[in-house]
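**Student:** how would this look folded up:
(one chain, ligands or ions: 1)
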Amino acid sequence: MIDFIQTDASRTAENAAQDHFIPAEAPWSGVVRRGQTIRIEDSYGQQAIDTLFYKADDFAERYSNQDTMREQGAAYVGTGTRIISNEGNVMLRMTADSCGRHDTSAGACSCESNTVRFGHGTKYLHACRDNFLLEVMKHGMSKRDIVPNINFFMNVPISPDGKMTIVDGISAPGDYVELVAEMDVLCVISNCPQINNPCNGFDPTPIRVLIWDATPGTVA
Ligand SMILES: [Zn+2]
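**Tutor:** Numbers count the residues shown, from 1 in each chain. Reported below is the predicted structural model:
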């Protein structure tokens, strides 16, 4: 299991450079500059937060779940994880995590996969791929730029035979992760609207994103 490491106590909402409220089921995107720290907070608990990262001045370089897992030798992300790009570069480092369980294997929900998993009647429910598409289009990207993502706070145990199941989340209200950027990155979030499995406690809720400016020594 991953260590629980709390935030630097000097970091408060009052001294954050940015403070964003993201409604239930909504997307968000913003740039995190090199040296800045982004906190992604599961404000009400048991909320999956689907997240992608792109190099801010070259979107062709983006988060790679395969490289991140291989480099770490770990199936999950947590404190100390280096978020690796498809070019093999470190995009961000996870510096705090009050939850301890985050998936990067199960991908984002889509209308198509909902139909396969939960029946045709779910085809018109809102899904993360729609959120991602709405958000990446603001930056000139399209469907082809949506790659396998991180699901912060989503609980996906992997059994010894390799099977994965999405089960009840373990995040409590106010749980958070923090990542310090090693390069300027565009962060794209889908506050997951899924209501057919327990990834959001069957009740999608708002989340919060805070960004702090660089403090000396945070980036080598
Ligand atoms: Zn989703």
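
**Student:** just after the least confident helix or strand in the chain by mean pLDDT, pick out the following helix or strand.
**Tutor:** The weakest-scoring helix or strand in the chain, judged by mean pLDDT, DSSP states H and E, is helix 111-118 (a mean of 93). Using DSSP states H and E, the next helix or strand after helix 111-118 towards the C-terminus is helix 128-137.

**Student:** strands of this structure, start to end?
**Tutor:** 18-22, 27-32, 37-42, 49-55, 58-62, 82-84, 90-97, 150-152, 175-181, 185-191, 207-212 (DSSP state E).

**Student:** His102 and the ion, how far apart?
**Tutor:** 14 Å (C-beta to the ion, to the nearest Å). From N, CA and C alone the C-beta is placed, and that goes for glycine too.

**Student:** my guess is that residue contacts Asn149, does it?
**Tutor:** No. Counting by C-beta atoms under 8 Å, His102 does not reach Asn149; the two are 11.0 Å apart.

**Student:** give me the number of residues near Val90?
**Tutor:** Using other C-beta atoms under 10 Å, Val90 has 15 other residues around it.

**Student:** that one is in contact with Ala181, isn't it?
**Tutor:** No. Contact criterion C-beta under 8 Å: Val90 and Ala181 do not qualify, at 9.7 Å.

**Student:** any low-confidence regions in the protein?
**Tutor:** For the chain, residues meeting the criterion pLDDT under 70 lie at 1-4, 216-220.

**Student:** what does it put close to the ion?
**Tutor:** Residues of the chain found near the ion (C-beta under 5 Å from the ion) are Cys109, Cys128, Cys192, Gln194.

**Student:** 6 Å - rerun?
**Tutor:** Asp50, Ala108, Cys109, Ala127, Cys128, Cys192, Gln194 (C-beta under 6 Å from the ion).

**Student:** skipping its backbone neighbours, what lies nearest the first one in space?
**Tutor:** Taking C-beta to C-beta, 6 or more residues apart in numbering, and ignoring the residues beside it in sequence, Asp50 has Ser190 as its nearest neighbour in space, at 4.2 Å.

**Student:** tell me who's in contact with that neighbour.
**Tutor:** Residues in contact with Ser190 (C-beta atoms under 8 Å, 6 or more residues apart in numbering) are Pro27, Ile49, Asp50, Thr51, Ala108, Cys128, Arg129, Asn131, Phe132, Glu135.

**Student:** for the fourth one, list each beta-bridge partner.
**Tutor:** This points to Thr51. Listed beta-bridge partners, Thr51: Ile150, Ile189 (assigned using DSSP bridges).

**Student:** contacting residues for it?
**Tutor:** Thr51 sits next to Ile40, Asn149, Ile150, Asn151, Phe152, Cys187, Val188, Ile189, Ser190 when contact means C-beta under 8 Å, 6+ apart.

**Student:** before we move on, what about the third one?
**Tutor:** Neighbour list for Asp50: 108-109, 128, 131-132, 149-152, 189-192 [criterion: C-beta under 8 Å, 6+ apart].

**Student:** how about a cut-off of 6 Å?
**Tutor:** Contacts for Asp50 (C-beta atoms under 6 Å, 6 or more residues apart in numbering) come out as Ala108, Cys128, Asn149, Asn151, Ser190, Cys192.
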